[in-house]
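1. Whatever this is, show me its structure:
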Amino acid sequence: MARNPSPQVAAARDFGKAHNCKQVIIFFVQEDGRVGYASYGKNRALCDNARDIAENVWDAFERAVELIGE
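-> Numbers count the residues shown, from 1 in each chain. The predicted structure follows:
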């Protein structure tokens, strides 16, 4: 499996390895207000599954950030 070079995915991967997780999803709000997520899975299937989970809750996360603010 190819490694994603983004710093956000690296953080998710590092967290997963440090805490013995098979999947990790991190939702974040950047200093400039942009939102995003990073997902990690120990193998391709787990990685794809983590991404699918993140995509399924993405709209709720964006709405919550808009409603609650920073």
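2. any idea how far I53 is from L46?
-> Distance check for I53 against L46: by Cβ to Cβ, to the nearest Å, it reads 10 Å. Glycine gets a C-beta too; all of them are placed from N, C-alpha and C.
3. In terms of packing, which of these two has more residues around it?
-> Set side by side, I53 and L46 show unequal neighbour counts under other Cβ atoms under 10 Å, the larger going to L46 at 18 against 15.
4. what about that one, which SS state?
-> helix (DSSP: H, G, I helix; E, B strand; the rest coil).
5. Identify the contacts common to I53 and L46.
-> Counting by Cβ atoms under 8 Å, 6 or more residues apart in numbering, the residues touching both I53 and L46 are Q23.
6. So what does the closest residue to E62 other than its chain neighbours look like in phi/psi?
-> Spatially, and ignoring its direct neighbours in sequence, E62 is nearest to V35 (6.2 Å; Cβ to Cβ, 6 or more residues apart in numbering). Taking degrees, to the nearest 10, you get phi -120, psi 160 for the backbone angles of V35.
7. correct me, but G16 touches A38?
-> No: at 10.6 Å, G16 does not count as touching A38 under the criterion of Cβ atoms under 8 Å.
8. Find residues that contact each of those two.
-> Both G16 and A38 are contacted by V24, under the criterion Cβ under 8 Å, 6+ apart.
9. can you pull the pLDDT of the residue nearest to E62?
-> V35 carries a pLDDT value of 93.
10. I figured it was touching Q8, is that so?
-> No: with contacts counted by Cβ under 8 Å, V35 stays clear of Q8, the gap being 11.4 Å.
11. Quick check: neighbours shared by those two?
-> Where contact means Cβ under 8 Å, 6+ apart, the residues bridging V35 and Q8 through contact with each are F28.
12. Assign a three-state SS to the residue most central in space within the chain, would you?
-> Of all residues in the chain, the one closest to the mean position by Cα atoms, centre = their mean is A38, 2.5 Å from it. When classified by three-state DSSP, A38 comes out as strand.
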